[in-house]
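In: pasting the sequence and the predicted coordinates here, then a few questions.
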Amino acid sequence: MEQIAQLFIENQMMIYFIILSIFVGIEVIGGVPTVLHTPLMSGANAIHGVVIVGAIIVMLNMTEPSILNYMLGFLAVFLGTLNVVGGFVVTNRMLEMFQKK
């Protein structure tokens with residue numbers, strides 16, 4: 001229990017920053033009209049390719065490689081890839097709605 005308390009004390013400013021960004025993100029996304037929500041989210045999902053690159057870089061630079069670390073890295077790459085592909089699929093389906101038949 002003392003280790004958890006020490007972790008929070010050492011990373012206090014980072015924890016405050018994350019909590020503040022959560023509140024700012026909720027306010028920003030809450031202010032987006034419903035009509036614009038889907039196009040913005042599909043574009044944001046495509047931008048999340050940074051997660052894939054970051055996960056690969058972290059996996060390549062591990063100081064203590066272990067099966068758990070590789071499994072978490074693989075999971076991050078896999079879920080990031082699903083997010084990017086899903087963003088492009090949603091964008092493509094929205095664009096098909098505006099094409100003439």
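Out: Done, it's in.
In: give me the number of residues near Gly87?
Out: Applying other C-beta atoms under 10 Å, we find 19 other residues in the vicinity of Gly87. From N, CA and C alone the C-beta is placed, and that goes for glycine too.
In: correct me if wrong: it contacts Ala44.
Out: Yes - proximity of Gly87 to Ala44 meets the contact threshold set by C-beta atoms under 8 Å, at 7.2 Å.
In: and Met14, how far from Ser21?
Out: For Met14, the distance to Ser21 equals 11 Å [C-beta to C-beta, to the nearest Å].
In: which residues does Tyr70 contact?
Out: Residues near Tyr70 by C-beta atoms under 8 Å, 6 or more residues apart in numbering: Met59.
In: could you check how far Met71 is from Gly80?
Out: Met71 is 15 Å from Gly80, by C-beta to C-beta.
In: which of these two has more residues huddled nearby?
Out: The residue with more neighbours, out of Met71 and Gly80, is Gly80; 20 against 10, by other C-beta under 10 Å.
In: what mean pLDDT does the strand or helix carrying that one have?
Out: Using DSSP states H and E, Gly80 maps to helix 67-97. What helix 67-97 shows for mean pLDDT is 85.
In: buried stuff in that helix?
Out: For helix 67-97, a neighbour-count test (16 or more other C-beta atoms under 10 Å) marks Gly73, Ala76, Val77, Gly80, Asn83, Val84, Gly87, Val90, Thr91 as buried.
In: how about the residues you listed in JSON lines, adding distance to Glu10?
Out: Formatted as JSON lines, these follow (distance: C-beta to C-beta, whole Å):
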{"residue": "Gly73", "distance to Glu10": "25"}
{"residue": "Ala76", "distance to Glu10": "24"}
{"residue": "Val77", "distance to Glu10": "29"}
{"residue": "Gly80", "distance to Glu10": "28"}
{"residue": "Asn83", "distance to Glu10": "31"}
{"residue": "Val84", "distance to Glu10": "34"}
{"residue": "Gly87", "distance to Glu10": "36"}
{"residue": "Val90", "distance to Glu10": "40"}
{"residue": "Thr91", "distance to Glu10": "42"}
